[in-house]
Structures are given as structure tokens and as C-alpha cells.
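J.: sequence and predicted model, in that order:
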Amino acid sequence: MDSPESTNPASSETRVHEKWPGNETFLCNGRVVGGPSPGAAVWTAALVLVPSAVFCVFVVNESLRRRMGDWTLAVSIAMPLWCVFWLFKTSFTDPGILPRLERRPGTSSMRGKTRETTVATTGRTATTRWNDTCGYFQPLRAHHCSVMNDCVERFDHHCPWTGTTIGRRNYRAFLTFTFSTAALCAWTMVMCGYAVSYRSRGEGAHVGMRRSGVAITVFIVAAFGFFFVGALSCFHAYLISTNQTTYENFKDAHGWRTNPFNTGSVFKNCFEVWCARIGPPRMRFDAPQSEDASAKEFERELAEEDARRRDVEMGDASAANDARER
């Protein structure tokens, strides 16, 4: 007797992720989307977990737990697990991959073309570029990632530590991972300092440091991590406050007044990054190809946006003509 799966035509039909031309890694039959280098996330997790395990066993458990209480061990275990959770959340979340449209006749001459588009939240104009690979003018803040070979919404950068591209849909997870890892490094450094100071009491700092080789080693590792992740956290805090992406900052180097996406308020900029609705993925990589309407829906959105843009341009031209007649 045939199983339900064998009698269901959709179960044997080719799914979107099987024919997708990008460089992503798909898991769970297309339900989970990773970057081209998912192993990078595993190595990064090891960089977080291995020093943390040494810290918990040989510093917190042997020294701080008896003097400061069990809460120090609980916090020291929870923090790296929290960081690793957000690391994998970043690595295996669709960053905001946009559909590809069929190449239309006459678009070969569009390569390299740009146009001005009005930013809805600020009323300023920004430049959008024709994406020859995907067959449309990229939406505002989207960019074609050369590593993933896909156009990504609100492209920020491709992160080698997470093995994926950071975009609209995984940027918050990336920020949480980055800030949490900086806090973990700071916590580890402070606790290692306490461990050395406890062992130095009554016997002198020289003896205490000789007996705290593990604590000092972990402190040095955490200091290197904090130097890198702390600087990265400060940089992204600046980007959030000014409503920029990493790509925009390096490419355009906008100031506070010239950035077309800056709302003029740090609070509003932060709200847009942390609290604005993200929405569902544009692509359904787990769907059968015959049922996937992502490209058609996206093409309709682009057509509606083009119509709004033309209306705005016609309104501006009409206003300019009225001004000249006066």
C-alpha cells in the first residue's frame, strides 16, 4: 500500500530551494536558510563555549562560587548559552532574500543604471541601482551580496563569523549576539579580576597571580574578545543611532544631515531598527515550485512602487511649473 507521501504529488515535486541559484545552505527541506559557510557559526560557537567552560570550571566553581554564591556560576553558564543561541539565530535566519524576476526583453541596456527614489520616512531622495542578476531596480537599502549571490533587503554586510549575510530579517539577532558577547567578555574579565584579588589577600599580589594562572589566561582571552566585539558593538550602536547600515557607512560616508534615512531623532532611528515590523520572508524556499508566487507578488509590489514614484514625480513637476508661472 502506498504511503500518504507517495500519493501526494506535492511531496515529490521540485521545491524552490532545490533550483535556487544563490549560494545559501538549506536545511529541513528549505525551511531553514543558512549562509554559504554554516561551519563558521560552529567555530564561532566553539570560541565562545570553550573559554567559557574553562572559566566556569576552574575560576568560578573553584574560587568565586564559595565566596560570592551560586549565582555567579548560574550567570556564567547562562551568558555563553544566550550568546550561542543568538549566534545560531543569526546564522540560520533568512536575512531578507528578494525574489528573482524573469529577464525581460530590452533590459540588457539597463546595466549600471540608477534612479532617485523618495524615502517615505524622511521625504529625502536616495539612489537605487538596477540589479542585472535579479532583473529590477533594487528597493531602497537593498544590495546584491556577491558572497551569497542574492539581493538582500536592508543589506548590512556579510559576516564571516556567522557564515551568512546580515540583512533586514536577522540584523536584530546579530546585534543581540554582538552586544551579548561584549557583555560576556566584560563579565569574564571582571570575575577573573576578582578571583586573582581573592587569592592575593594575605599572601601578596605576586603569590596570588602565581596561583591564578588559569584566571589570568582566561582574562587575556576575554580581553582580546572584548577589544574586538566591544569595538564592533560601539560601531553598530553608532549606526543604529544614525540609521545607517555598514554598507552605507563605508560606501557613502553620510553625515548626520546628509543621510537620507536619518529621521533626525536618535529615538526614532533606534525605534526603526529595534521595533519596526519585519514581516515574513519574501521567499518560500520550502514550497513546491508550482505553488511559489513570491516573484509575482514581489513584481506587483515593484509595479505599485513605480506607480507611486511616477505620481510623486508628476506632482513635483506640476508644482515646479506652477512656481515658474507665478
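T.: Sure thing, it's come through.
J.: okay, now the residue nearest to G225 when sequence neighbours are not counted: neighbour count?
T.: Leaving aside its chain neighbours, G225 sits nearest to C185 (4.4 Å; criterion: CB to CB, 6 or more residues apart in numbering). Glycine gets a C-beta too; all of them are placed from N, C-alpha and C. If you count neighbours by other CB atoms under 10 Å, C185 ends up with 24.
J.: now C185: which helix or strand?
T.: Assessed by DSSP states H and E, C185 sits inside helix 171-200.
J.: state the distance from the residue nearest to G225 to A231.
T.: The gap separating C185 from A231 is 11 Å, by CB to CB, to the nearest Å.
J.: circling back: and the pLDDT at the residue nearest to G225?
T.: Here the pLDDT value assigned to C185 is 97.
J.: how about G279?
T.: pLDDT for G279: 88.
J.: burial of it, as a residue count?
T.: G279: 10 neighbours (other CB under 10 Å).
J.: and what of W43?
T.: By other CB under 10 Å, 12 other residues sit near W43.
J.: a helix runs through it, doesn't it?
T.: Yes - assessed with DSSP: H, G, I helix; E, B strand; the rest coil, W43 lies in a helix.
J.: and the helix holding C185, what other elements does it pack with?
T.: helix 38-55, helix 71-91, helix 205-210, helix 213-242, helix 266-274 (3 or more CB pairs under 8 Å, 6 or more residues apart in numbering; DSSP states H and E).
J.: now with 10 Å?
T.: helix 38-55, helix 65-68, helix 71-91, strand 157-159, strand 164-166, helix 205-210, helix 213-242, helix 266-274 (3 or more CB pairs under 10 Å, 6 or more residues apart in numbering; DSSP states H and E).
J.: export the third one as CSV, just CAs?
T.: Included here for helix 71-91 are C-alpha records, laid out as CSV according to Å, rounded to 0.1, in the frame of the first residue of the first chain:
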residue,chain,number,x,y,z
TRP,A,71,24.5,32.9,41.4
THR,A,72,28.0,33.6,39.9
LEU,A,73,28.0,30.1,38.4
ALA,A,74,24.5,30.3,37.1
VAL,A,75,25.2,33.6,35.4
SER,A,76,28.5,32.3,34.0
ILE,A,77,26.7,29.3,32.4
ALA,A,78,23.7,31.3,31.2
MET,A,79,25.5,34.1,29.4
PRO,A,80,27.5,32.0,26.9
LEU,A,81,24.4,29.9,26.1
TRP,A,82,22.5,33.0,25.5
CYS,A,83,25.2,34.3,23.1
VAL,A,84,25.3,31.0,21.2
PHE,A,85,21.5,30.9,20.8
TRP,A,86,21.6,34.3,19.1
LEU,A,87,24.6,33.3,17.1
PHE,A,88,22.7,30.4,15.5
LYS,A,89,19.5,32.5,15.3
THR,A,90,21.5,34.9,13.2
SER,A,91,23.2,32.3,11.1
